[in-house]
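Engineer: Next comes the sequence, and after it the predicted model I'd like to discuss.
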Amino acid sequence: MNNIYPLPSRQSAAVAVLRLACWVALSAELPAALFGCQASSPRAAAAAHLSPADTPSSMDDSYDWHGLVIAPFGSTLKDVPATLHEVLLFRDEHGGSPDDLECFAGDAPFPRFVGRTSDEYLLCFKQNRLSRIQASVRLEPAEAAEVFAAACSLWLNTAAPIGDSCEGRDSAVQYSGRLGQDPDQPQMTLSITLDGAPAP
C-alpha cells in the first residue's frame, strides 16, 4: 500500500522559507561580530572597567604611554627623530636619573600625554643608547585623581587603581607612573618613567 503524505500548506512553506533566511543572515553576520570583538582597541577594553562618571571626556590615544616612545629603546642619539639638547638632572627622593644616564630634552613640541602636551619630556641615554624616557604633565587637583585612574586602568588593563603609583611591564619596557604635588606648585604632577633594555 502506498503511503500518502499531505503537501505542506502555503503557510507552512512560508515559515520554512523565513527560517532558512534567518539562518543565512545569522551565518553571514557571525564572523563580522567575532571580528569586531577581536578588533576592539585596548583603550576601549580598559575603559570598560570604568563607569562613565570615572572616564575623562578627553580620554584619547594619548593616554597610552606607547605614544611617548618616539624611537626604539637601544637607539643611538643620532637615530632619534628630534632635535635634542642635553639637560642636567639631580637625583630626587624617588631615585631620579642615575649618574650614568645622559638626558636630553627636545626643541620641538613635546608629545601629548593624557590628553595634554607634556610639560616635561626627556630622553635618557646609557652608553649612547636610549635607555629611559620620562614625561610629566601638570593637572588641576580637581581632575588629577580621575585622569590618573583612567590612565593607570589603561596601562594595566584592569580596574581603576587606588593610590598614587602605577607600575607594570609591557614586553621589555618597565613603566612607572606617579601622581604627586610639588610643594611650590598648586597643581598636581602626573609623571611616567619608561625603562627599556638597550640593545647589546
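Structural biologist: Right, received. Where do you want to start? Numbers count the residues shown, from 1 in each chain.
Engineer: what's the pLDDT at Tyr121?
Structural biologist: Looking at Tyr121, its pLDDT reads 95.
Engineer: I'd like the average pLDDT over the host helix or strand of Glu143.
Structural biologist: Assessed by DSSP states H and E, Glu143 sits inside helix 141-156. The average pLDDT for helix 141-156 rounds to 93.
Engineer: One more: stretch 166-183?
Structural biologist: Stretch 166-183 comes out at a mean pLDDT of 92.
Engineer: if we can go back for a sec, buried sites along the helix holding Glu143?
Structural biologist: Across helix 141-156, burial judged by 16 or more other CB atoms under 10 Å covers 144-156. The C-beta positions use only the backbone N, C-alpha and C, and glycine is treated the same way.
Engineer: same check, this time on stretch 111-123
Structural biologist: 111-115, 118-119, 121-123.
Engineer: out of these, who's nearest Val173?
Structural biologist: Leu123 (13.9 Å; CB to CB).
Engineer: Relative to Arg178, how far out is the closest residue to that closest one other than its chain neighbours?
Structural biologist: In space, Leu123 comes closest to Phe104 once its chain neighbours are excluded; the distance is 5.2 Å by CB to CB, 6 or more residues apart in numbering. Separation of Phe104 from Arg178 (CB to CB, to the nearest Å) stands at 22 Å.
Engineer: which residue ranges form the strands in this structure?
Structural biologist: Using DSSP state E, the strands of the chain run over residues 84-87, 102-106, 112-113, 116-117, 120-126, 129-139, 165-170, 173-181, 188-196.
Engineer: Which one, of those strands, ends up nearest to Ala71?
Structural biologist: Nearest to Ala71, of the strands of the chain and by CB to CB, is strand 129-139 at 5.9 Å.
Engineer: related to what we said a few turns ago, can you name the two of the buried residues of stretch 111-123 that are farthest apart?
Structural biologist: Pairwise distances across the buried residues of stretch 111-123 peak at 21.7 Å for Gly115 and Leu123 (criterion: CB to CB).
Engineer: Domain-wise, how is this protein divided?
Structural biologist: Split into domains by automatic domain parsing, the chain comes to 8-39, 42-196.
Engineer: Output the lowest mean pLDDT helix or strand found in this protein.
Structural biologist: When each helix and strand of the chain is scored by mean pLDDT, DSSP states H and E, helix 10-38 comes last, with a mean of 40.
Engineer: Export the strands of the chain to TSV and append columns for distance to Ser75.
Structural biologist: Output for those, formatted as TSV (distance: least, CB to CB, whole Å):
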stretch	distance to Ser75
strand 84-87	12
strand 102-106	12
strand 112-113	20
strand 116-117	23
strand 120-126	9
strand 129-139	5
strand 165-170	18
strand 173-181	14
strand 188-196	10
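Engineer: mind checking which of those is nearest Gly74?
Structural biologist: Evaluated over the strands of the chain, closeness to Gly74 peaks at strand 129-139, with 5.2 Å, by CB to CB.
Engineer: for the residue nearest to Leu123, what are its contacts?
Structural biologist: 77, 84-87, 122-125 (CB atoms under 8 Å, 6 or more residues apart in numbering).
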